[in-house]
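Visitor: the following comprises the amino acid sequence and a computationally predicted model.
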Amino acid sequence: MPQTATPRLQASNLTRKFGPRAVVSDLSLTVAAGQVTCLLGPSGCGKSTTLRMIAGVETPDSGTIQIDGQIVCDATRHLPPEARGVGMMFQDFALFPHLTIAKNVAFGLHGDSAKKAARVRELLERVNLSGFDRKYPHELSGGEQQRVALARALAPRPRVMLMDEPFSGLDNRLRDGIRDTTLEVLKEEGAAVLLVTHEPEEALRMADEIALMRDGKIVQQGSPYNIYNAPADREAAAFFSDINVIKGVSKGALTDTPFGAFLTPGHADGGLVDIVIRPQHLKIDFDRAGRGPNPTSLEGTPARGVVSRARFLGHESLVDFTMEFDGSKLTAAVPGVFLPKIGTPLWLMIRRDRCFVFKA
Ligand SMILES: Nc1ncnc2c1ncn2[C@@H]1O[C@H](COP(=O)(O)OP(=O)(O)OP(=O)(O)O)[C@@H](O)[C@H]1O
């Protein structure tokens, strides 16, 4: 899409206060048609409030919301939800119990009944529920009901689809399959999707773009790959996985550590530095009569630690170490089964290209 194309959804400088507290603060984001953006952040950071303002069920104190370039909300205008062309789906998606599945899906449709029936058929097929049209919600499983709710929300061809934790009420085993089906249908329909979640795995799985939120603000927005591999700060890194932190002091754009020196450009001399590394980017090597492997340019100098705990998590093993150099704790993740005995001395190396350096 050319850079100049009007985004399907554009929220600019949204602020919402409850009493003196700004729950959403000067928040801006855009979502293109056919794109899924996940608003990701901890509980209470203002995700739902943001979504509700875009839906039109909450009024911002300031800011502008545009859909296809049309202002639906600003200081003087406030279109009601039904006039915005948005579809909504929440955790508590509540189908109408007294209506058949077909009537539930047709609920938001108007006009020609043959066209309505065709649209209902099309959507039930998309969500793999052809043949369920005459059933009632109580005859369906939770996952099936969830797919009906998706079909109902998409039936009127919303320009923007707003989803608030839509999968959190579902059984863990069902969830991945339904996420994938949902994503497929959303992509086929081509709406701009804003999906609220507090689960990093869900955002990584679903999103074209992640907007990471904290305290009412977006702290970083980008592709899942970039958000995971180039986090804006230590908290952003820690939101996606456990992290290890190695502390140091920058001097001449270098920080010396027991794992060798790290380049720390832009950090003042004497400035405290956190070198952050995810557990899967620590490499373990065996102790050879008190000696470790040779230093390499990719992995720096090895440092010795003693195993303090080892756990098997199914797809990987997590091994905790107490480091000899200062008694600090580090955790390494190893694919598959690796369960060394407590007290075993082992050597750790750090993938230098996978480190993040932040001001402490
Ligand atoms: N109507 C309201 N009146 C007062 N405070 C509110 C109101 N609605 C939300 N809040 C507060 O605003 C903050 C943000 O709420 P919001 O629901 O937007 O967060 P969230 O990120 O979606 O959290 P969660 O993931 O737990 O749903 C919370 O501290 C909440 O208590």
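Guide: In hand now; what should we look at?
Visitor: paired strands for the strand or helix carrying Gln10, with orientation please.
Guide: In the assignment (DSSP states H and E), Gln10 maps to strand 9-18. Sheet pairing of strand 9-18 (DSSP bridges) gives strand 21-31 (antiparallel), strand 62-67 (antiparallel).
Visitor: following the first one, which helix or strand comes up?
Guide: Using DSSP H and E, the helix or strand that follows strand 21-31 in sequence is strand 36-40.
Visitor: what are the contacting residues of the helix or strand following that following strand?
Guide: Using DSSP H and E, the helix or strand that follows strand 36-40 towards the C-terminus is helix 47-55. Under the criterion C-beta atoms under 8 Å, 6 or more residues apart in numbering, residues 9, 11, 14, 16, 23-24, 27, 39-41, 58-60, 63, 65, 73, 81, 84, 86, 88, 160, 162, 164, 194, 196-198, 213 lie in contact with helix 47-55. Where C-beta positions appear, they are placed from N, C-alpha and C, glycine not excepted.
Visitor: the ligand is nearest to which of the strands paired with strand 9-18?
Guide: Closest to the ligand of the strands paired with strand 9-18 is strand 21-31 (C-beta to the nearest ligand atom; 3.8 Å).
Visitor: what are the buried residues along that closest one?
Guide: Neighbour counts over strand 21-31 (16 or more other C-beta atoms under 10 Å) mark Ala22, Val23, Val24, Ser25, Leu27, Leu29, Thr30, Val31 as buried.
Visitor: what bridges to the last one?
Guide: Counting by DSSP bridges, Val31 forms beta bridges with Leu9.
Visitor: in ChimeraX, how would I select the buried members of the contacts of helix 47-55?
Guide: Burial among these is assessed by 16+ other C-beta under 10 Å; the matching ChimeraX selection reads:
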select :9,11,14,16,23,24,27,39,40,41,58,60,63,65,73,84,86,88,160,162,164,194,196,197,198,213
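Visitor: in the helix or strand of the chain with the lowest mean pLDDT, which residues are buried?
Guide: Lowest by mean pLDDT, DSSP states H and E among the helices and strands of the chain is helix 172-189, with a mean of 85. Buried positions in helix 172-189, judged by neighbour count with 16+ other C-beta under 10 Å: Arg175, Ile178, Arg179, Thr181, Thr182, Leu183, Val185, Leu186, Glu189.
Visitor: CSV for those, including distance to Ala207?
Guide: Listed next are the buried residues of helix 172-189 as CSV, based on distance: C-beta to C-beta, whole Å:
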residue, distance to Ala207
Arg175, 16
Ile178, 16
Arg179, 11
Thr181, 16
Thr182, 13
Leu183, 10
Val185, 16
Leu186, 11
Glu189, 17
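Visitor: closest one to Pro137 out of these, please.
Guide: Nearest to Pro137, judged by C-beta to C-beta, of these is Ile178 at 16.2 Å.
Visitor: neighbours of Val307, just the number please.
Guide: Residue neighbour count, defined by other C-beta atoms under 10 Å, stands at 19 for Val307.
Visitor: wait, Ile54
Guide: Residues near Ile54, counting by other C-beta under 10 Å: 27.
Visitor: wait, what's in contact with the residue nearest to Phe90 when sequence neighbours are not counted?
Guide: Excluding the flanking residues, the one nearest Phe90 by C-beta to C-beta, 6 or more residues apart in numbering is Asp164, at 4.7 Å. Applying C-beta under 8 Å, 6+ apart, we find Asp164 in contact with Lys47, Ser48, Leu51, Met88, Met89, Phe90, Gln91, Val196.
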